[in-house]
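Student: The amino acid sequence is not available; the structure is as follows:
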Ligand code: SIN
């Protein structure tokens, strides 16, 4: 079932009355901050892993030919490294539209790289959303990404920019780096 995530997200009132909210980004939000922010810091959240299990109908693919982008999957004791932004609540209007293809706002605890632990927001596309694709091997995901493109550009750029951003933060992420390695191999094989 296709749900209107923008309407659902706008009903969330957890941070009503707050002048600023921390947002945790783990995918394109790490490297593409197209919204104003007051502060930006590497951060992590516990008990979640980043996975290329979400279909993209609006950014890196189309409804007929979805790309693959990341979402978070619950996993006990896992640590997901990303980027945290301190934003004013009005920035959420733009973010709800940007993340409209299945992502809902969740409240989570963020650990900032300066030692602060804070309550913040994260957008997660759960397996109930209509665009969710689910698990596949890293090789199959790389092949899927290699052939996908959408209004925001080639799916491969999403993966390569994410992998670069994670490397710059010294973040461990075997899932992302294995898919990147497979993609680079495919690009070299195809000679493009
Ligand atoms: C995020 O980056 O936090 C959400 C997923 C994405 O937009 O790539």
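Tutor: Nice, thanks for sending it over. In this text, all values refer to a predicted model and were calculated from it rather than measured experimentally.
Student: list the helices and strands the top helix by length along the chain packs on?
Tutor: Ordering each helix of the chain by length in residues (DSSP state H) puts helix 174-190 first. Contact analysis of helix 174-190 by 3 or more CB pairs under 8 Å, 6 or more residues apart in numbering; DSSP states H and E lists strand 39-56, helix 138-146, helix 155-168 as its packing neighbours. No exception for glycine: its C-beta is placed from N, CA and C like everyone else's.
Student: what's the angle between that helix and strand 39-56?
Tutor: 60 degrees (axes from the mean of the first three to the mean of the last three CA atoms, to 10 degrees).
Student: quick one: helix 174-190 to helix 138-146, angle?
Tutor: Per the same axes, to 10 degrees, the angle that helix 174-190 makes with helix 138-146 is 60 degrees.
Student: Now find how far off-centre helix 174-190 is within its chain.
Tutor: From the chain centre to the centre of helix 174-190 is a distance of 19 Å (CA atoms, centre = their mean, to the nearest Å).
Student: What are the buried residues along that helix?
Tutor: For helix 174-190, a neighbour-count test (16 or more other CB atoms under 10 Å) marks 175-176, 179-180, 182-183, 186 as buried.
Student: Quick check: of these, which lies closest to the ligand?
Tutor: residue 176 (11.7 Å; CB to the nearest ligand atom).
Student: Just confirm residue 63 contacts residue 57, I think it does.
Tutor: Yes. Here residue 63 reaches residue 57: they are 4.5 Å apart, a contact under CB atoms under 8 Å.
Student: These two: who's more crowded?
Tutor: residue 57 (20 against 12; other CB atoms under 10 Å).
Student: got the contact list for that one?
Tutor: Taking CB atoms under 8 Å, 6 or more residues apart in numbering as the contact definition, residue 57 lies against 63, 66, 101, 131, 150.
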